[in-house]
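S.K.: kindly generate the corresponding structure for this input.
(2 chains)
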Amino acid sequence: MAQLGRAILLLDLGVCLYSVVASIYGARTGQSDWVDSGRRAVYCLGALSVIAFAILEIAFIRNEFSFKVVADTSSTTIPTFYKLTAPWSSQQGSLLLWVTLASLWSSLVLFITRKRLREIAPYATAVLMGMAGFFASLAAFAADPFATTAPAQTPSNGAGLDPLLMHPSMMFHPPMLYSGYTLMAIPFAFAIGALITGKLGSEWIRDTRRFALAAWLFLGVGVVLGARWSYTELGWGGYWGWDAVENAALMPWLMITAFIHSIQIQEKRGMLKVWNVSLVLLAGTLAIFGTFLVRSGVLDSIHAFGASTLGVPFVILLGIMVIGSIGLILYRRDGLRTDHRIDSLLSREAMFLLQNLVLVAMVFVIFWITLFPLISDALTGTKVSVGPPAFTPFIVPLALILVVLAGAGPMISWRRATLANLKEHFVFPVAFGVLVTVLLVVLTNADTKPLALAMFGSGAFLMASVAQEMYSGTAARRAMTKDVWPVAFVSLVRRNRRRYGGYIAHFGLAVMLIGVAASSSFQHSRNATLRPGQSVSNDGYVFHYVRPIAVTSAERVSFGAVIDVTKGGKQVTTLRTEQSFYPSTSSSDGIISRFFDSSNADSTIGLDAGPLRDIWTVASANLQPLAVDITKGDKLFASYMNSLIRKTDREHMSAAEQNAAINASGIYTLRDELVDEIVGQYTKHSYPVQFLLIVAPLVTWLWAGAFVIALGGLIAMWPAPLAARRRSPAVTRSRAARELV
Amino acid sequence: MPYVILFMLLVGVVLVVTSPLRRSPLSAQDASEHARATREAAERASTLVDLEAARDAKYREIRDAELDHQTGKLSDADYAAVDSTLRAEAIELLRHLDELDRSEGEGEGDDAEAGDE
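M.R.: Predicted structure coming up:
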């Protein structure tokens, strides 16, 4: 089946090239048959890529270790759930996933727009298929997921999946991120099409707006799932480390956030065409730049695929995207001009523009600080990593301004607003923000962290402004329909999905940033080394190490601890934290020590999450006292194994017979018994264990806020009722016009 | 077996992709006419879609202004000014749409007559 997969990849490449040529030829000559043919090639690419990906998934499920990628990233002991997710843990599999998702999203948008955007769509098809072809060629020639080994060299078991990737969110995190990245290509491609054809009105924006929103939603969900993975799996207690790869996903997300706000100004006022097209082209380019960071290995990151040879092709692609985008904007600069101007600085469009500038400034800051190691390497020959402290002095003030603008914008009308109206609308949210700030200063120690306090006050202001908007909108709706409050509210949101979906997302943003400010500024973290029975306190909580845990299973050996947490003498929770070691397949490891390889381990944290605070614990297993027994076991079993091999050599056995004889000798049963015995030692003695104990407030607000943002995004993205979109006949429209007068 | 599947996929791809090109062949003159007609139809459709997009955006803007007025963000005087401007712009768009519809109808009529002949 590997041959079939590889042949399909080559077919994919041919289909992409054909689609590019047919679409451009059809567009240039006005022959719609060729355009249709190019579009159908995209559908074929979708079907072929799904088949190729299914072949790879089947290889993982069936443990076909003749596939190099299966041998490198899977094993017989991995649960089926993780075998399904293993394909995208490798460079090769993730490239194939990229091609598959890109082809499916491209098929969807081209199917939806098959009877519209007739002039723009062929060029957009060519751009989309050009990008899909780029990734298909990488998969076919540089990182082949269907590469195989000769039967004689096929291992009986694989190296296994990185334990850190065996986490439920890994099922969804990478596909979500890749969906976000590949969806980002759609508005990018249509913007290029609009620039080439000179059709620079709102037409292409209307048809690709939902895809921009979907890119924003998927990428945002992917980023949050990654943060959740970091918080619950990596064992460092944080959720965001300003890592290069995290930033690579955040930058296009911020850029597309700016775009989905500013396109409203173009739709309503025909303004900011250059700005909008620049934002969408930048977002598309940043999505590829993020992929370059993950796959080239130019920057160190726990999320990256490590060193590879893919950097140069990505740099070439990025160069084409940047130069092509700038060239097209300059070429169409006259068509992108607008006669309209912002009427007043006290208008919603002015707020949108300011918010856009803040978002772009954030991207600018993140971009340069992320690239700083590369810049320092180029200038001084040394890669200098600057880390989180370099980001916060810039990002925190910008985030504060963003929250204030998100709260102020909805309270200001389009086109113009008067000071009297503003005063009336700002009184309640400002008063609420001030009240929350004062209460926090009086009742808590929040004033010790001024920036966090400012975020609490601004967040409260934003939440109050959204609540006020919801209330006044519902009241206005009630006045017209006489509906009860809940019905009027639902009806209001249904009639104005974009507006109120956006407000809900703003509310989520406030909740999320309050959670981030509180948990990062008021976190209490303590390292402690404890023996069973000992206790230590942190932020008023007493952590008591009750007993050690040691468990062996077919997949791993785990060492952990049971911790009782009390406050003021009252039981709060009992936590269980473990560090698990997965057997290494490296022949350099001893027969026993391969079960205790710390480079092949992961942590299960002990977490008590609540609405106001999280208690987070992790224990590093202390295997030092077991080292003597492990080394003795290695020597003993190495000697036993050698004697068995010598015996089979003397009898001139084949490799298969030799394996059968070694299995029949019972050596592996003895090995497992010894591993069990060594693991059992851990619970019989009171070895000291190092703990990281964290008490952090409002972490749950972060996840809850992210959920609310996603909900708001979904509402804004949901199509309007069919009746509202149905084309009305000319007679009706004429009547509507008369009635509008 | 993999070769059989690959052959079937290849045939499937060729059939799907070339189906628009296998429609009844046109003479060179007809092809040129067809291309011209297609281009004109595409331009008309593009203008129509653009106008519809602008009309929908204008309607949304009118509704937004109305909501802003109802929720007290726009004073009566400002609302009256904004609303009348927006409605005038909407009427202009609707007029363009009606003109396009009429010209399309006439075009279709001409085509129909030509067909009758």
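S.K.: helices or strands next to the longest helix that chain B contains in the packing?
M.R.: Secondary structure assigned by DSSP state H gives helix B:28-70 as the longest helix of chain B. With contacts taken as 3 or more Cβ pairs under 8 Å, 6 or more residues apart in numbering or on different chains; DSSP states H and E, helix B:28-70 sits against helix A:203-233, helix A:244-269, helix A:450-481, helix A:497-521, helix B:76-116. Every residue, glycine included, has its C-beta placed from N, CA and C.
S.K.: now that helix: average pLDDT?
M.R.: In this model, helix B:28-70 carries a mean pLDDT of 78.
S.K.: which residues in the stretch 551-700 of chain A form strands?
M.R.: Taking DSSP state E, counting those that start in this stretch as the test, the strands found in the stretch 551-700 of chain A are A:557-567, A:570-581, A:601-604, A:606-609, A:613-620, A:689-697.
S.K.: mean pLDDT for the ones you listed - can I get that in CSV?
M.R.: Below are the strands of the stretch 551-700 of chain A laid out as CSV (pLDDT from 0 to 100):
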stretch, mean pLDDT
strand A:557-567, 94
strand A:570-581, 94
strand A:601-604, 86
strand A:606-609, 95
strand A:613-620, 94
strand A:689-697, 95
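S.K.: could I get those as a markdown table with mean neighbour count?
M.R.: Output for those, formatted as a markdown table (neighbours: other Cβ atoms under 10 Å in any protein chain shown):
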| stretch | mean neighbour count |
| --- | --- |
| strand A:557-567 | 21 |
| strand A:570-581 | 18 |
| strand A:601-604 | 20 |
| strand A:606-609 | 18 |
| strand A:613-620 | 23 |
| strand A:689-697 | 22 |
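S.K.: roughly how far does the residue nearest to A:F707 when sequence neighbours are not counted sit from chain B?
M.R.: Sequence neighbours aside, A:G508 is the residue nearest to A:F707 in space, at 7.2 Å (criterion: Cβ to Cβ, 6 or more residues apart in numbering or on different chains). According to Cβ to the nearest Cβ, to the nearest Å, A:G508 stands 22 Å off from chain B.
S.K.: how about A:V551?
M.R.: Distance from A:V551 to chain B, by Cβ to the nearest Cβ: 44 Å.
S.K.: can you count the residues close to that residue?
M.R.: As a burial measure, A:V551 scores 14 neighbours (other Cβ atoms under 10 Å in any protein chain shown).
S.K.: could you list the buried residues of stretch A:19-27?
M.R.: For stretch A:19-27, a neighbour-count test (16 or more other Cβ atoms under 10 Å in any protein chain shown) marks A:S19, A:V20, A:A22, A:S23, A:I24, A:Y25, A:G26, A:A27 as buried.
S.K.: was I right to think the third one contacts A:S37?
M.R.: Meaning A:A22. Yes: A:A22 is within contact range of A:S37, at 4.9 Å (criterion: Cβ atoms under 8 Å).
S.K.: quick one: the longest helix of chain B to helix A:203-233, angle?
M.R.: With axes from the mean of the first three to the mean of the last three Cα atoms, to 10 degrees applied, the angle from helix B:28-70 to helix A:203-233 works out at 70 degrees.
S.K.: quick one: residues contacting the residue nearest to A:F707.
M.R.: By Cβ atoms under 8 Å, 6 or more residues apart in numbering or on different chains, A:G508 lies in contact with A:G705, A:A706, A:F707, A:V708, A:I709, A:A710, A:L711, A:G712.
S.K.: ok so, going back, between A:A22 and A:S37, which contacts overlap?
M.R.: B:V17.
S.K.: of all of the stretch 301-450 of chain A, which residue lies closest to chain B?
M.R.: Chain B sits closest to A:S413 of the stretch 301-450 of chain A, with a gap of 4.0 Å, by Cβ to the nearest Cβ.
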